[in-house]
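In: Here's a sequence, model it:
(2 chains)
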Number of protein chains: 2
Amino acid sequence: MKILLVGATGHVGSAVHSALRDTHDVITASRNAGIRVDVTDPASVTEMYRAAGPVDAVVVTVGAAPFKPLADLTRDDFTAGFTGKVLAQINLVQEGVASIADGGSFTLTTGILAREPIRTGAASSMANGALEAFVHAASIELPRGVRINAVSPTVLTEATGYHSSFPGFVPADAAIVAQAYRKAIENPYTGRILTVG
Amino acid sequence: MKILLVGATGHVGSAVHSALRDTHDVITASRNAGIRVDVTDPASVTEMYRAAGPVDAVVVTVGAAPFKPLADLTRDDFTAGFTGKVLAQINLVQEGVASIADGGSFTLTTGILAREPIRTGAASSMANGALEAFVHAASIELPRGVRINAVSPTVLTEATGYHSSFPGFVPADAAIVAQAYRKAIENPYTGRILTVG
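Out: Got it, this is the predicted structure:
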């Protein structure tokens, strides 16, 4: 398959690249490598899809939200989480439908905070919950058998800087998380949240 | 208890008012009745809490999102759903914490589209999923035993104009939905999504 991987340079994105590149034709896009894209800029996303051409699958491993104690999270923080993670990923779907083959797939990235919160994580939980509900909803309306799923990983083994904020959360290796993307792409799933951890 | 009911004039809000007013001191707020408030305007929300004074519980039954086929939902539509439903309810929590008694409660309103989508409902599903994840997250960080829950109802019997968009969804009477708010307020629950239907 020809797969467009958006966010190819992060811990998850680079592991997904490693997991897919031997058996698929992977085109990478990110802020600083491969096709250059600013996922918060609709014009940049449109240009990325034009440059990539028709694809069988799109994998999105981008999106960030601010981490602060609940009492310190402002309207701007929640809006930043919405714009940077939710709206960016939704826009990649909406703009990408025309580029995807019949029966092709989108695989988005959410995270364990949608179901198991931590202190300082309310904006991230909000963003992940929004995306997971969007995946369920979009899966019943996408045309031509186009599929949509999300991978929702726990904290990564490689992201050691975050481990102290996730007490009792058993980290997962990025290579294991990457297999969930392969599961979403190569099985005929749609509307699923594939949890890891 | 002294309860501030924000959004007292809709189908749900007026039913909650009926369910609570015989046994509680209910203060109502809405765009056009009771304490006047524009829930999308932070200054107006601050003024509403000042006018209401200290309370034991806050019930929020406001928030709208656009309904359109997935292919027609724009960035502005998703942003409108976020601002009008998610950010408005979160702001009511963030601004209201200081007004709530120890062990008091917030009860927000989400909806069945967080878990069972319909055509045209992707922006609403997104908004409801965001709020439900926020409730889980905020419940572990609110101070002084302050609680937070959400009621997530199916389509209301009284909202007859929507029934054709919800095929196979069995409507629930607003008076039954209202009991879920009472359950959230009068039981020592926190972090729960009380589904009706």
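In: Give me the helices and strands touching the longest strand that chain A contains, please.
Out: Using DSSP state E to define each element, chain A has its longest strand at strand A:100-109. Judged by 3 or more C-beta pairs under 8 Å, 6 or more residues apart in numbering or on different chains; DSSP states H and E, the packing partners of strand A:100-109 are strand A:55-60, helix A:88-96, strand A:147-153, helix A:174-186. No exception for glycine: its C-beta is placed from N, CA and C like everyone else's.
In: do that again at 6 Å, thanks
Out: strand A:55-60, strand A:147-153, helix A:174-186 (3 or more C-beta pairs under 6 Å, 6 or more residues apart in numbering or on different chains; DSSP states H and E).
In: Look up how far A:H24 lies from the residue nearest in space to the middle of chain A.
Out: The centre of chain A sits closest to A:T109, judged by C-alpha atoms, centre = their mean, with a distance of 2.5 Å. Distance from A:T109 to A:H24, counting by C-beta to C-beta, to the nearest Å: 18 Å.
In: Same question for A:V37.
Out: On the measure of C-beta to C-beta, A:V37 and A:H24 end up 20 Å apart.
In: Who has more neighbours out of the two?
Out: Legend: neighbour count by other C-beta atoms under 10 Å in any protein chain shown for A:V37 and A:H24, higher for A:V37 (22 against 18).
In: what's near enough to touch the more buried one?
Out: Going by C-beta atoms under 6 Å, 6 or more residues apart in numbering or on different chains, A:V37 touches A:29, A:44, A:48.
In: What mean pLDDT does the helix or strand where the last one lies get?
Out: Translated: A:M48. Secondary structure assigned from DSSP states H and E places A:M48 in helix A:42-52. Taken as a whole, helix A:42-52 has a mean pLDDT of 98.
In: residues making contact with it?
Out: Contacts of helix A:42-52 (C-beta under 6 Å, 6+ apart): A:4, A:27, A:29, A:35, A:37-38, A:91, A:95-96, A:99.
In: quick one: which of the residues you listed is nearest to B:V155?
Out: A:N91 (29.1 Å; C-beta to C-beta).
In: How confident was the prediction at the closest one?
Out: Here, the pLDDT recorded for A:N91 equals 98.
In: Number of residues surrounding it?
Out: With other C-beta under 10 Å as criterion, A:N91 counts 20.
In: same thing with A:P69?
Out: A:P69 has 11 neighbours, counted by other C-beta under 10 Å.
In: what do you get for the one 5 residues further on?
Out: Other residues within reach of A:T74 by the criterion other C-beta under 10 Å amount to 14.
In: Look up how far B:F82 lies from it.
Out: Computed with C-beta to C-beta, the distance linking A:T74 and B:F82 is 15 Å.
In: The longest helix seen in chain A vs chain B: in contact?
Out: Longest helix in chain A by number of residues, with DSSP state H as the criterion: helix A:122-139. Yes: using C-beta under 6 Å from any C-beta of the partner chain, helix A:122-139 comes into contact with chain B via A:122, A:125-126, A:129-130, A:132-134, A:136-138.
In: okay, now A:T23: neighbour count?
Out: 11.
In: For chain A, list the residues in contact with chain B, please.
Out: Contacts of chain A with chain B, taken as C-beta under 6 Å from any C-beta, map to A:70, A:78, A:82, A:87, A:90, A:114, A:117, A:119, A:121-122, A:125-126, A:129-130, A:132-134, A:136-138, A:140-141.
In: For the strand or helix carrying A:S14, buried residues please.
Out: With elements taken from DSSP H and E, the one containing A:S14 is helix A:11-20. Residues of helix A:11-20 classed as buried by neighbour count (16 or more other C-beta atoms under 10 Å in any protein chain shown): A:11-17, A:19-20.
In: A:A64 versus the residue lying farthest from the centre of chain A, what's the distance?
Out: Ranked by distance from the centre of chain A (C-alpha atoms, centre = their mean), the top residue is A:A71, with 27.6 Å. According to C-beta to C-beta, A:A71 stands 21 Å off from A:A64.
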